[in-house]
Each structure stands twice: as C-alpha cells, then as structure tokens.
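# Here is a sequence together with a model predicted from it:
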Amino acid sequence: MESLQSIEKAFRIIQASVASSGLPVLSLARSPRPSLRELARSADYHHETLRRRLVYLGKREKDIQATLCACFSEEPLLCLMDPTYLRESEERVIVFAVPDKLSGKAIPIAWDYQDWERMRENPPLSRNLMVEGSVRRLRNTMGHGFTLVADREFDSRRFRAKLRKMGIGYVLRLRTNASPAETGENELVYQEEGYQESWRLIARKEDNPVKAYKKRMRIEGLFRDIKGLLGMRELLRKIRDPLVRRGLVVLIILAWLMRLLQGLYAMVKGLLSPNDPLLKSFRRREISVINLALSLEIRELSRLRSPCAIWDYKESEAASSICGGVKCAR
C-alpha cells in the first residue's frame, strides 16, 4: 500500500465500518482501556448499549473482511497467517495479513475467532478442520489464489494437499518429523543469523521462499500492538459472552487500522517536514508508524486544546479530514 489512492480507499472502508457501528473506536485508538465499562464511560455510552453494538459489529465481521479483501483483490498477494492466543490454548484468533512495504507492518484483511468450546459442542469439528475452513473462506472471498505463508504449527500433509486443491501456493516451515516434499513442492533448509535452529521450508508457487517466510515475522508486530498498545488482553479478560468477545476483536482491529492509515497518509502525502523529529525517529526505527500517528494526535491535542478532529465520520470528507488533522499537528 504505497499509493495515496490505495490508502484513501482503505481509509474510506474503515471509516464507513466505524460510522455504521457507532462504536468508540477513537477512544480505544487513543489509549487502552482496562475494562468494557471504562471504554463505555470514555465514550459516554451505557454499558449495555456498548455490548449490544459489539454484538452487532461481530455479526458484520464477514462483510467488513470482504470489503478489506477487495482492496487487494487485483494484486499478486502474499498472505501471512498466524494465530494469537487469548485464553491460553482454549481460544485464539487466526489472522490473515498482507505485508506492507512502506510501514513494515502486516495489514490484516481477514481473521477468524476460534473457541475450542464450540469444537467440543460439535464433535466432528477439529482444529485442523477449523483452519481449513478459514483458508477456504478467504479463498472464496478473494476470488483467486494467493501464496500463504505460515509457521510449522500449520504444517501437515493433509493441509498442504488441501491448499493445492484450492489453487493456493504456500511457504510453510516444516516440523522436525514432517513428511518429505511431494511433486510440485520445493524443500530447502536455511540458517538465519541470530537463530539457533535452522528453518526447514517447503514451498509451492513461490520463487523466493526465504524472503517470503521472513515477512511472516511482521505479523508479530500486529499482535504486539493490539494486545499491548490497544489493550486487547485486558479488555477480553473479564468478558465471557463469545458474541461480545468477537465484536471486540473486530473493534480493536479497526482501531489499529485507523491508526496505521493515519500514519501512512501523513508520510505518503508529504505532510511531515523531512526535519520533523517524528519522521526522523521513524526512519531510525525508534518508533513505528502506529506510534508516529499517535504522536501526531497527541501533538495536535496539546496545541489546539480541543477534541481531536483528525477523524470524522463523513465518508465524503475522508481525505480532507486526515489532511486537515495532520496539518494542524504540524
């Protein structure tokens, strides 16, 4: 996502989703909240109203993902897949993301909230079947194949066969006892500097599997941001309703995307001076594009002494609202 048009297109999609949900994404994007009640209080919402809106947002999850996937439907896609665990090994979110060259981040385009209690209630359902179902839904949403990059947690002979059947290329790290490569697969061993254990990779329809697998590490930064910076772990700790939990996961991902797009817009549009300390810190990799956007907003709030106007909910004013806010921050 290097062009201004693609950034603005993605922003309008997120903005429309936020506007229709009526949820306090801005409040969450500014600072983490220790509980759902505190999040509701920060946006002047009643607690039960917030819960109902989260349930509604969770039901729109597939529509939001389909719209995000549409932003990348015409590009040769490298899709990173990795899980983040929310309640030890009982609950996780599998995230599918695309690597972004400009920000160095992984941009989520789809995700699947999985609770093992549901699996116990449906005995034929297994973890492997849930993963296969997630990939199949993404394939159907995209409308074309892509190259899937995943860790050895997802390596199995059956899974690779399913990917081939769906027309999906892949780069997977193999387990120690993995079965050998089959026809059409390339296997290699690579020793990355700083790692004690070598990478045993298997690839199909990918010319540079090592470079592709290295990009998988970017998704760890996404998990670090949504768990720490946006406080997902703390917010989910006291919520038991699976429908509310699902909606909250969507809300947090939308808040993260809004922050990312704000920082990307500022850099691509050239709204920051080359001598700006924030831009220099970003180029020295002292701060990420997420922290760059947060610092811009803090700078604006301290100068204007007024509620942040960087983000408004009028889709037609999407570009001007970002531009105006970042210019004020300067």
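Yep, it's here. Numbering: from 1, shown residues only.
# Report the secondary structure state of E197.
Recorded secondary structure, E197: coil (DSSP: H, G, I helix; E, B strand; the rest coil).
# What degree of burial does it show, as a neighbour count?
E197 has 8 neighbouring residues, counting by other CB atoms under 10 Å. Heads up, the C-betas are built off the backbone N, CA and C, glycines and all.
# what about it, distance to G221?
Taking CB to CB, to the nearest Å as the measure, E197 and G221 are separated by 22 Å.
# and what of A110?
Look at A110 and G221: by CB to CB, they are 18 Å apart.
# Neighbour count: those two, which is higher?
Per other CB under 10 Å, whichever of A110 and G221 has more neighbours is A110, with 23 against 15.
# for the residue nearest to I253 when sequence neighbours are not counted, helix, strand, or coil?
Spatial nearest neighbour of I253, excluding adjacent residues (CB to CB, 6 or more residues apart in numbering): P108 at 5.6 Å. On the three-state scheme (three-state DSSP), P108 is labelled strand.
# Report the contact partners of the spatially most central residue of the chain.
In the chain, the centroid-proximal residue (CA atoms, centre = their mean) is P108; its distance is 2.9 Å. Listed by CB atoms under 8 Å, 6 or more residues apart in numbering, the contact partners of P108 are L68, V95, F96, A97, L222, I253, W256, L257.
# wait, what's in contact with the closest residue to V244 other than its chain neighbours?
Distances taken as CB to CB, 6+ apart place L54 nearest to V244, at 5.0 Å, with adjacent residues excluded. Listed by CB under 8 Å, 6+ apart, the contact partners of L54 are L23, L243, V244, G247, L248, L251.
# in terms of contact, does the fourth one touch I64 like I think?
Okay, so that is G247. No. Taking contacts as CB atoms under 8 Å, G247 lies outside contact range of I64: 11.0 Å.
# more crowded one of these two?
G247 (27 against 21).
# Wait, a helix at that one?
Yes. G247 forms part of a helix when assessed by three-state DSSP.
# And the helices in the stretch 151-300 of the chain?
157-165, 209-215, 218-224, 232-237, 242-268, 277-283, 289-304 (DSSP state H, counting those that start in this stretch).
# out of those helices, nearest to K9?
helix 242-268 (10.1 Å; CB to CB).
# tell me which residues form a beta bridge with L78?
Beta-bridge partners for L78, by DSSP bridges, are T147.
# Tell me, how many residues neighbour it?
19.
# Pull up the gap between it and Y113, please.
Counting by CB to CB, the gap from L78 to Y113 is 24 Å.
# Can you tell me the SS state at T84?
Once three-state DSSP is applied, T84 turns out strand.
# Residue numbering should commence at 241 henceforth.
From this message on, residue numbering opens at 241, which makes the last subject T324.
# My read is that it contacts R332, right?
Yes. Taking CB under 8 Å as the definition, T324 is a contact partner of R332 at 6.4 Å.
# Okay, buried residues for stretch 284-295 please.
Neighbour counts over stretch 284-295 (16 or more other CB atoms under 10 Å) mark Y285, L290, R291, R293, L294, V295 as buried.
# Quick one, grab the pLDDT at N362.
pLDDT for N362: 64.
# again but with V566, I slipped
Note on V566: pLDDT of 43.
# returning to what we had before: same list, the contacts of P348, but as TSV with neighbour count please.
Listed next are the contacts of P348 as TSV, based on neighbours: other CB atoms under 10 Å:
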residue	neighbour count
L308	24
V335	23
F336	28
A337	23
L462	22
I493	23
W496	24
L497	22
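# What is the most widely separated pair among these?
F336 and W496 (14.8 Å).
# Could you measure from L294 over to R277?
Counting by CB to CB - L294 and R277 are separated by 13 Å.
# cool, and V335?
Between V335 and R277 the computed distance is 27 Å (CB to CB).
# Same question for E330.
24 Å.
# Can you list the low-confidence ranges for the chain?
Filtered on pLDDT under 70, the chain yields the residue ranges 241-243, 264, 266-273, 312-316, 328-329, 357-365, 538, 540-570.
# I'd guessed R485 sits against Y353; true?
Yes. Between R485 and Y353 there is a contact under CB under 8 Å: 7.1 Å.
# Spit out the contact partners of S275.
S275 neighbours (CB under 8 Å, 6+ apart): E474, L475, K478.
# ok, the second one - how many residues close by?
It stands for L475. Around L475 there are 23 other residues, counting by other CB under 10 Å.
# cool, L532 as well?
L532: 23 surrounding residues under other CB under 10 Å.
# Now do the helices for the stretch 241-390 of the chain: every range, in order, please.
Under DSSP H, counting those that start in this stretch, the stretch 241-390 of the chain gives helices at 244-261, 265-270, 276-282, 287-299, 301-310, 356-361, 367-382.
# buried ones in the longest one?
What that stands for is helix 244-261. In helix 244-261, counting by 16+ other CB under 10 Å, buried: I247, E248, A250, F251, R252, I253, I254, Q255, S257, V258, S261.
# Likewise for the third one?
Residues of helix 276-282 classed as buried by neighbour count (16+ other CB under 10 Å): L276, L279, A280, R281.
# quick revisit: want to throw the buried residues of stretch 284-295 into a markdown table with distance to I466?
Converted to a markdown table, the buried residues of stretch 284-295 look like this (distance: CB to CB, whole Å):
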| residue | distance to I466 |
| --- | --- |
| Y285 | 21 |
| L290 | 19 |
| R291 | 20 |
| R293 | 19 |
| L294 | 16 |
| V295 | 20 |
